[in-house]
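In: quick check, what structure comes out for this input:
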Amino acid sequence: MPPPIPVELEPHSPDWLDAAAREAQRLAEALGPQLVAVHHIGSTAIPGILAKPILDLIPEVRSLAGFDACQPVLLQLGYEWWGEYGMAGRRYATLTDGTTGRRCIQLHVFETGSPHIERHLAFRDFLRAHPEKARAYEAVKLQSRDQHPENSHAYSDAKSAWIVATEAEAISFYRRG
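Out: All right, here's what the predicted structure looks like:
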């Protein structure tokens, strides 16, 4: 399990979209046909709200077994491998910036067809389309950060009730698409 890190929230940066695209290309070149797509999720994918400056990406893969065989490739790219990390059907890996020592990317790898892909994309797209909900989420993030400024795990736990309560509405919105 990666250790908790301090929670730093920053104003949205358009550089995050470019950085996500660059990392998606790097992953595509390294993983080849095993990779179906790379989805940029999380707060760095939602313009206008504060976010931890850590990119959350979903590499969507053809099979988890095939992806597991790619673990050495991911390690060569500088990622740390954490396995399922508490969620069946997921592989989790983190990348730390060698210059700053700060975590900069989190991969949440799922197999094509996983309902977790839809859940994450729905939440992202719902907040992009509903700025008032995005602002409400930002308020929850600030409150959670204020409660747990030094512990990213506790921060995430503190936000989870709001996220879960919003997911059903987000999925309904996404499916109407």
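In: from L55, how far out is G78?
Out: To L55, G78 is 14 Å away according to C-beta to C-beta, to the nearest Å. Glycine gets a C-beta too; all of them are placed from N, C-alpha and C.
In: higher neighbour count, those two?
Out: Between G78 and L55, L55 has the larger neighbour count (other C-beta atoms under 10 Å), namely 24 against 14.
In: who's in contact with the residue sitting nearest the centre point of the chain?
Out: With distances taken as C-alpha atoms, centre = their mean, D56 lies nearest the centre of the chain, 2.5 Å away. By C-beta atoms under 8 Å, 6 or more residues apart in numbering, the residues touching D56 are 40-45, 105-106, 108.
In: nearest spatial neighbour of H130, chain-adjacent residues omitted?
Out: F173 (8.0 Å; C-beta to C-beta, 6 or more residues apart in numbering).
In: same deal with V61?
Out: In space, V61 is closest to F67, 4.3 Å off (C-beta to C-beta, 6+ apart).
In: same check, this time on E10
Out: In space, E10 is closest to P53, 5.2 Å off (C-beta to C-beta, 6+ apart).
In: give the contact list for that neighbour.
Out: Per C-beta under 8 Å, 6+ apart, neighbours of P53: 8, 10, 13, 16, 44, 102, 104.
In: change it to 10 Å
Out: Applying C-beta atoms under 10 Å, 6 or more residues apart in numbering, we find P53 in contact with 8-13, 15-16, 19, 43-44, 97, 102-104.
In: these in helices, which ones?
Out: 15-16, 19 (DSSP state H).
In: which elements pack onto the strand ranked longest in the chain?
Out: For the chain, the strand with the greatest residue count under DSSP state E is strand 103-111. Packing partners of strand 103-111 (3 or more C-beta pairs under 10 Å, 6 or more residues apart in numbering; DSSP states H and E): helix 15-31, strand 35-41, strand 55-61, helix 64-68, strand 79-83, strand 90-96, helix 115-129.
In: so who does T94 touch?
Out: Neighbours of T94 in contact, by C-beta under 10 Å, 6+ apart: 2, 5, 54, 78-82, 85, 103-107.
In: give me every residue that touches Q143.
Out: 155, 158-159, 162.
In: just checking, it is part of a strand?
Out: No - counting by DSSP: H, G, I helix; E, B strand; the rest coil, Q143 falls outside a strand, being helix.
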